[in-house]
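K.L.:
return atomic coordinates for the entry below.
(chains A and B)
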Amino acid sequence: MIFEETIGTDTLKNAVQAVQALSDTAQSAAEHSEGFNFAHLLDHIKDGREVDFPGGHFELPHFEPVHIGSLVIDLSPTKHVFFLLLIAVLLLWVAVSAARKHRKSLIPTGFTNLMELMVLFVRDEIAIPNMGQAGLKYVPYLLTTFFFILLMNLAGLVPFGATATGNIAVTAGLAIVAFVMIQVAAIRAHGVGQYLKHLTGGVHWALWPIMIPIEILSLFTKPFALCIRLFANMTGGHTVILSLIGLIFLFKSIYVAPVSVVFALGIDLLEILVAFIQAYVFTILTTLFMGLGMQSEEHGQTNTEHH
Amino acid sequence: MEQMAHAWGYLAAGFGAGLVILGASYGIGKLAAAAMEASGRQPEVAGQVRTSMLIAAALIEGVTFFALAICIILATK
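P.N.:
Have a look, this model is predicted:
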């Protein structure tokens, strides 16, 4: 196609340049103006180097990046790492003090009562129906998962708190641990030979080239789904709340504030429910996958209890 | 032409999010309807029905969030 330099292509080039200049000025205006810069709105759920507390903030220390071969790893703690450690210490304190009081007298009172309620819930409703009596040795891991995720989800809802599970690296770490535990449960129950046989799915050996890649793929998609589900639920909820509050700044009018705050309050209450539900779903899906691996030969033997 | 690509990206992200919500809410709505009916027929199993309903709803929402994550990547890149 013969393309001659017509006025059309010139104006097109000029138009593109003009649009680019406009967007550049708009961006710099947004950053230097006294108006509200919406890019900073999402900083509330993103990771950062400062931890806010009422009255100010403190900067987290910067460590030198570590060079391993050609890999550069930056080990300095960020806000989410700080909250991970904080929640871990809090959970250790709560759980150990509840266990100590339980040792003194079997009848729980007060806070120990609440902990016993939730521990029994995880053991009797989640672990035993799906894994049978052999599942009792995995109950500590399931309890850790449940309470850790629950506390991290709830920490994002208090003022000056940050949701560590809103960081995909944190949920990926939890999912990797779940993946390892699922394989460990399957291998400990029946040995490595049975575990590999489960990967074939019990079909005729001619179908193995099709079956084995699918089974291996499904091994990896299950924890990946756990990771993405937890991350997206937490981040999505907080994004909705921030967007509702940001509407006040967008309209620059105070009359939007009552509507906005009421809706944000409703979504906040929903977020508390979602925090519990997501912790519960992570735990019960991990238990289901472990129970699937621990089942004996499929001749009507399942681990489910019949009430 | 970067702006054109960004514009199509925003449009696709918007349509994608809408379609995702359509599918997910239809699925979870059917699930909730079946659960209500079962609870109405046999109120003793309402607790177990509620548990299974929550698990199935969380699984469906998990798939939803896969698609939503793709939409967000489209809109921000």
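K.L.:
show me where the stretch 151-300 of chain A has strands.
P.N.:
For the stretch 151-300 of chain A, applying DSSP state E, counting those that start in this stretch gives no strands.
K.L.:
got the residues of it near chain B?
P.N.:
Within the stretch 151-300 of chain A, the positions near chain B by Cβ under 8 Å from any Cβ of the partner chain are A:225-226, A:228-229, A:231-233, A:236, A:277-278, A:280-281, A:284-285. (Glycine included, C-beta is placed from N, CA and C.)
K.L.:
farthest pair within the residues you listed?
P.N.:
Greatest spatial distance among those (Cβ to Cβ): A:236 and A:284, at 20.9 Å.
K.L.:
buried residues in stretch A:176-190, which are they?
P.N.:
For stretch A:176-190, the buried set under the neighbour-count rule, 16 or more other Cβ atoms under 10 Å in any protein chain shown, comprises A:178-179, A:181-182, A:185-187, A:189-190.
K.L.:
for the residues you listed, which one is nearest chain B?
P.N.:
Comparing the buried residues of stretch A:176-190 against chain B with Cβ to the nearest Cβ places residue A:178 closest, at 13.9 Å.
K.L.:
surely that closest one meets residue A:223?
P.N.:
Yes: with contact defined as Cβ atoms under 8 Å, residue A:178 reaches residue A:223; the gap is 5.3 Å.
K.L.:
wasn't residue A:67 part of a strand?
P.N.:
Yes: assignment of residue A:67 by DSSP: H, G, I helix; E, B strand; the rest coil places it within a strand.
K.L.:
state the number of residues packed around it.
P.N.:
The number of residues packed near residue A:67 is 9, by other Cβ atoms under 10 Å in any protein chain shown.
K.L.:
how about residue A:295?
P.N.:
Look at residue A:295: counted by other Cβ under 10 Å, it has 17 neighbours.
K.L.:
can you name the residues in contact with stretch A:50-68?
P.N.:
The set of residues that contact stretch A:50-68 without belonging to it, under Cβ atoms under 8 Å, 6 or more residues apart in numbering or on different chains, is A:49, A:72-79, A:82, A:159-160, A:162.
K.L.:
again but with stretch A:215-224, I slipped
P.N.:
Counting by Cβ under 8 Å, 6+ apart, the neighbours of stretch A:215-224 from elsewhere in the structure are A:175-176, A:178-179, A:182, A:198-201, A:285, A:289.
K.L.:
recalculate using a threshold of 10 Å.
P.N.:
Contacts to stretch A:215-224, defined as Cβ atoms under 10 Å, 6 or more residues apart in numbering or on different chains, come from residues A:171-172, A:174-183, A:186, A:198-201, A:208, A:285-286, A:288-289, A:292-293, B:66.
K.L.:
residue contacts, residue 70?
P.N.:
Unless you meant another one, I'm taking chain A. Going by Cβ under 10 Å, 6+ apart, residue A:70 touches no other residue.
K.L.:
chain B was what I was after
P.N.:
The contact partners of residue B:70, by Cβ under 10 Å, 6+ apart, come to B:12-13, B:16-17, B:20.
K.L.:
and what of residue A:180?
P.N.:
By Cβ under 10 Å, 6+ apart, residue A:180 lies in contact with residue A:223.
K.L.:
can you tell me how far the residue most central in space within chain B is from chain A?
P.N.:
What sits nearest the mean C-alpha location of chain B, by Cα atoms, centre = their mean, is residue B:24, with 3.0 Å. Distance check for residue B:24 against chain A: by Cβ to the nearest Cβ, to the nearest Å, it reads 12 Å.
K.L.:
which neighbouring elements make contact with whatever helix or strand that residue lives in?
P.N.:
Remark: residue B:24 resides in helix B:2-41, with elements defined by DSSP states H and E. Taking 3 or more Cβ pairs under 10 Å, 6 or more residues apart in numbering or on different chains; DSSP states H and E as the contact definition, the neighbouring helices and strands of helix B:2-41 are helix A:7-32, helix B:46-76.
K.L.:
list the buried ones in that helix?
P.N.:
Neighbour-count burial for helix B:2-41 [16+ other Cβ under 10 Å]: B:9, B:13, B:16-17, B:20, B:24, B:27-28, B:31, B:35, B:38-39.
K.L.:
now tabulate the residues you listed in JSON lines and tack on distance to residue A:38 and pLDDT.
P.N.:
Compiled in JSON lines, the buried residues of helix B:2-41 are given as follows (distance: Cβ to Cβ, whole Å; pLDDT from 0 to 100):
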{"residue": "B:9", "distance to residue A:38": "18", "pLDDT": "86"}
{"residue": "B:13", "distance to residue A:38": "17", "pLDDT": "91"}
{"residue": "B:16", "distance to residue A:38": "22", "pLDDT": "93"}
{"residue": "B:17", "distance to residue A:38": "19", "pLDDT": "92"}
{"residue": "B:20", "distance to residue A:38": "24", "pLDDT": "93"}
{"residue": "B:24", "distance to residue A:38": "27", "pLDDT": "93"}
{"residue": "B:27", "distance to residue A:38": "33", "pLDDT": "94"}
{"residue": "B:28", "distance to residue A:38": "31", "pLDDT": "94"}
{"residue": "B:31", "distance to residue A:38": "36", "pLDDT": "95"}
{"residue": "B:35", "distance to residue A:38": "40", "pLDDT": "95"}
{"residue": "B:38", "distance to residue A:38": "46", "pLDDT": "94"}
{"residue": "B:39", "distance to residue A:38": "44", "pLDDT": "93"}
